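**Q** here is a sequence together with a model predicted from it:
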Amino acid sequence: MKIEQIYTGCLAQGAYFIVSNGEAAVIDPLREVEPYLQKAAKIGANIKYVFETHFHADFVSGHLDLSEKTGAEIVYGPNANTAFKAHIAEDGEEFQVGEIVIKALHTPGHTLESTSYLLLDENRKPAALFSGDTLFIGDVGRPDLAQKCDLTTDDLAGMLYESLRSKIMTLPDDIIVYPAHGAGSACGKNMSKETSDTLGNQKLFNYALRKDMTKEEFIKEVTAGLPEPPQYFPENVKMNRDGYESIDDVLERGDQALSAEAFEAKANITGALLLDTRKASEFAQGFIPNSINIGMDGSFAPWVGALIPDLKQNLLIITEPGKEEEVVTRLARVGYDHTIGYLNGGFESWEKAGKEVDRVESIDAVEFSDRFQAGKLEIVDVRKPDEFKSGHIKDAKNLPLDYINDLMPEFPKDKTLYIHCAGGYRSMVAASILKSRGIDDVVNIEGGFGAVTKTEVPVSEGA
């Protein structure tokens, strides 16, 4: 028996490839299924099952394509209602994979269909728990993401409490917990950077598994401080439940190399959004007017999901040569399937063609400090509210990037805006969005708040 965790950092997501005696199972696969096919082919294994812990909200799973390519049966837990052929497991139902058994444990609370999968080894000894979004390392799943549910968040939190105590905390302490997500995912509040742990250790250190915790206390703690979920979450749930286009078709449509002239013409004809995925420092030096910068070097896919509200929006890509397929793939992971081409040769080809170029003024923290001392500035902090409360530049205005589409009226149009985040990634995203919407007088502060704190600019120590 072998368990392989396939962790994707930009989504903070863990998929699992399990093999025993020539048979394999995949749990919560990503949209692109080729890696699983290659792993199975390399060891001569047959993928027998695709297990889904629930209808994912933060990414589009690869269950349909993987089943189509291998004949594997798709398995969901109780209460799942799919628009495609799937086996809806009963609570406690067992599935043979080679010499091991994978047992479905219905653990509702994060969603009604949420199911954990207990792996029993060759001797039927519990060895691992694939806990989905029910139990994370250091946290538990949010109870406010269930779609089309008549129950309240508190109702679901109560169900989660019962699931943890009746189905998971009763398991042996030495089993390994393999969750669907780690730190950085929006599916929980405060997950650990660790991606697996023993159940016994979680009983000691995970606040939600305290033995003396009452249901009322659990509900209060789990529901406190939940941020607004990203807007694309409901659409991803719908795609996972109702079906989606093959990843092969999505990649083929996006793999259209366009000259500068053809790129410009296609943008004008289709009204496509121009998405530039280069680093913030490169974007600042020159970019196609009205393009949006969301760099591949950050949490690319989640930021796309948070900032581009229409998943059916046509997209044209500007990226580093050779990165085109990766961009299209990462967009498809969160349901953005309508990439219709990319700028062949990257931004350099646009410049060589003599096309119009825009820029963002970008200054370092020392220059910002000098300007701050010389006179009052309009400073916009695009970090999250809790970051802002923990410390911020004097007189700065907090307009979080996450909600920039709703906050556009709050950005002054008649003043020079000095924009910063923690390190420079989010502020350039914000600057590009503002410029695309006609707010041109923006200045990006390189290095963000971290760099500013090393200057003479006054900084508050808290709210």
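**A** That came through fine.
**Q** count the neighbours of the nearest residue to residue 301 once chain neighbours are set aside for me.
**A** Of all residues not flanking residue 301 in the chain, residue 334 sits nearest, at 4.6 Å (Cβ to Cβ, 6 or more residues apart in numbering). All C-beta atoms are positioned from the backbone trio N, CA, C, and that covers glycine. Neighbours of residue 334 under the rule other Cβ atoms under 10 Å: 28.
**Q** give me the neighbour count for the closest residue to residue 384 other than its chain neighbours.
**A** Nearest-residue entry for residue 384: residue 400, 5.5 Å, with adjacent residues in sequence omitted and distances by Cβ to Cβ, 6+ apart. Residues lying near residue 400 (other Cβ under 10 Å) number 20.
**Q** residue contacts, residue 400?
**A** 382-385, 388, 407 (Cβ atoms under 8 Å, 6 or more residues apart in numbering).
**Q** closest one to residue 452 out of these, please.
**A** Residue 452 lies nearest to residue 383 out of these, by Cβ to Cβ, at 11.9 Å.
**Q** which one (most neighbours) among the contacts of residue 400?
**A** residue 382 (27 neighbours).
**Q** need the pLDDT of residue 43.
**A** On pLDDT, residue 43 comes in at 97.
**Q** domain ranges for this structure?
**A** 2-235, 246-352, 361-452 (automatic domain parsing).
**Q** reformat those as TSV; add distance to residue 459.
**A** Listed next are the domains of the chain as TSV, based on distance: least, Cβ to Cβ, whole Å:
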stretch	distance to residue 459
domain 2-235	24
domain 246-352	22
domain 361-452	6
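**Q** out of the ones you listed, which gets nearest to residue 458?
**A** Of those, nearest to residue 458 by Cβ to Cβ is domain 361-452, at 4.3 Å.
**Q** where's residue 432, which helix or strand?
**A** helix 425-436 (DSSP states H and E).
**Q** contacting residues around that helix?
**A** 276, 280, 283-284, 287, 290-295, 297-298, 303, 307, 358, 360, 362, 380, 382-383, 401, 404, 411, 417, 419-421, 442, 444-445, 448.
**Q** tell me the helix or strand right after it.
**A** Immediately after helix 425-436, counting by DSSP H and E, sits strand 442-445.
**Q** so how far is that next one from its chain's centroid?
**A** 27 Å (Cα atoms, centre = their mean, to the nearest Å).
**Q** give the buried residues for the next helix-or-strand element following that strand.
**A** Next helix or strand after strand 442-445 toward the C-terminus (DSSP H and E): helix 448-452. Residues of helix 448-452 classed as buried by neighbour count (16 or more other Cβ atoms under 10 Å): 448-449, 451-452.
**Q** kindly report the same for stretch 266-279.
**A** 266-267, 272-279.
**Q** same check, this time on stretch 335-348
**A** So for stretch 335-348, counting by 16+ other Cβ under 10 Å, buried means 335-343, 345-347.
**Q** wait, residue 202 touches residue 137, no?
**A** Yes - taking Cβ atoms under 8 Å as the definition, residue 202 is a contact partner of residue 137 at 6.8 Å.
**Q** what do these two both touch?
**A** residue 177.
**Q** what about stretch 115-125, how long is it end to end?
**A** 20 Å (Cα to Cα, to the nearest Å).
**Q** helices of the stretch 51-200 of the chain, residue ranges please.
**A** In the stretch 51-200 of the chain, helices defined by DSSP state H, counting those that start in this stretch lie at 63-70, 153-163, 199-205, listed in chain order.
**Q** and these as JSON lines, adding distance to residue 81, mean neighbour count and mean pLDDT?
**A** JSON lines is the format used below for the helices of the stretch 51-200 of the chain (distance: least, Cβ to Cβ, whole Å; neighbours: other Cβ atoms under 10 Å; pLDDT from 0 to 100):
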{"stretch": "helix 63-70", "distance to residue 81": "15", "mean neighbour count": "21", "mean pLDDT": "98"}
{"stretch": "helix 153-163", "distance to residue 81": "17", "mean neighbour count": "20", "mean pLDDT": "96"}
{"stretch": "helix 199-205", "distance to residue 81": "30", "mean neighbour count": "16", "mean pLDDT": "97"}
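**Q** and of those helices, who's closest to residue 248?
**A** Among these, helix 63-70 sits nearest to residue 248 (Cβ to Cβ), with 7.6 Å.
**Q** re earlier: show me the buried residues of stretch 266-279 that map onto strands.
**A** 273-276 (DSSP state E).
**Q** and these, which two are furthest apart?
**A** Pairwise distances across those (Cβ to Cβ) peak at 10.4 Å, for the pair 273 and 276.
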